[in-house]
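J.: Turn this into a model:
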Amino acid sequence: MKYEVIVKNAVVTDPDGETIEWNSTRTRAWVEGRNTGFFTSNGNGGFMGWDGILDDVYEITGTASGTNRQGIDFEINIIDQLRAQLNCRWITQGIIEIVPEGYDARRMDYGTGECDDKATLTLRNQEREVNLRR
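T.: Down below sits the predicted model:
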């Protein structure tokens, strides 16, 4: 199952009144866990409960663009599909490229499927491991 998320002409205003303008088109493919749910039998006379929800996995592709709070235009492209597992708070796999106008492109590599808060940021052929925020 796939569905498309389209955001057109969104404006986000922070408490200080600064704004971010944003457009995005993404596709989410539900690739694991479609056959289970909260009330799916666990085989022992009970239900799977949250395990039937948290086994869901999505693969995300797409692009975004906009203008940040400093007035700099940007583009974001998902280079290698992102993997979002509901049992993990972080993206576990995939690569995005962020291109701010007038600056070098940078890539964020979320790894190969491990549920951790680590990613690798690449800018001008230099790599740095970063910790993702909660």
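
J.: how about the closest residue to residue 69 other than its chain neighbours, phi and psi?
T.: Of all residues beyond its chain neighbours, the one nearest residue 69 is residue 18 (4.3 Å), with distances taken as C-beta to C-beta, 6 or more residues apart in numbering. All C-beta atoms are positioned from the backbone trio N, CA, C, and that covers glycine. Main-chain dihedrals, residue 18, degrees, to the nearest 10: phi -80, psi 150.

J.: So which residues of this structure form helices?
T.: Ranges of helices within the chain are 51-54, based on DSSP state H.

J.: what sits up against stretch 23-32?
T.: Stretch 23-32 has contacts (C-beta atoms under 8 Å, 6 or more residues apart in numbering) with 1-10, 55-66, 76, 78.

J.: hmm, which of these are the buried ones?
T.: By neighbour count, with 16 or more other C-beta atoms under 10 Å, the contacts of stretch 23-32 hold 55-62, 64, 66, 76, 78 as buried.

J.: And for residue 19, the neighbour number?
T.: Residue 19 has 14 neighbouring residues, counting by other C-beta atoms under 10 Å.

J.: quick one, what contacts it?
T.: Listed by C-beta under 8 Å, 6+ apart, the contact set of residue 19 reads 11-13, 69.

J.: Most neighbours among those residues, please name it.
T.: When neighbours are counted by other C-beta under 10 Å, residue 69 leads the contacts of residue 19 with 14 neighbours.

J.: Give the bridge partners for residue 11, please.
T.: residue 21 (DSSP bridges).

J.: Could you pull up the contacting residues of it?
T.: Contacts of residue 11 were listed using C-beta under 8 Å, 6+ apart, and they are 19-22.

J.: okay, those residues in CSV with pLDDT and distance to residue 109 next?
T.: Formatted as CSV, these follow (pLDDT from 0 to 100; distance: C-beta to C-beta, whole Å):
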residue, pLDDT, distance to residue 109
19, 96, 30
20, 96, 24
21, 97, 27
22, 96, 23
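
J.: May I ask which of those has the most neighbours?
T.: Neighbour tally across the contacts of residue 11 (other C-beta under 10 Å): the maximum, 18 neighbours, falls on residue 22.

J.: Fine by me, thanks again.
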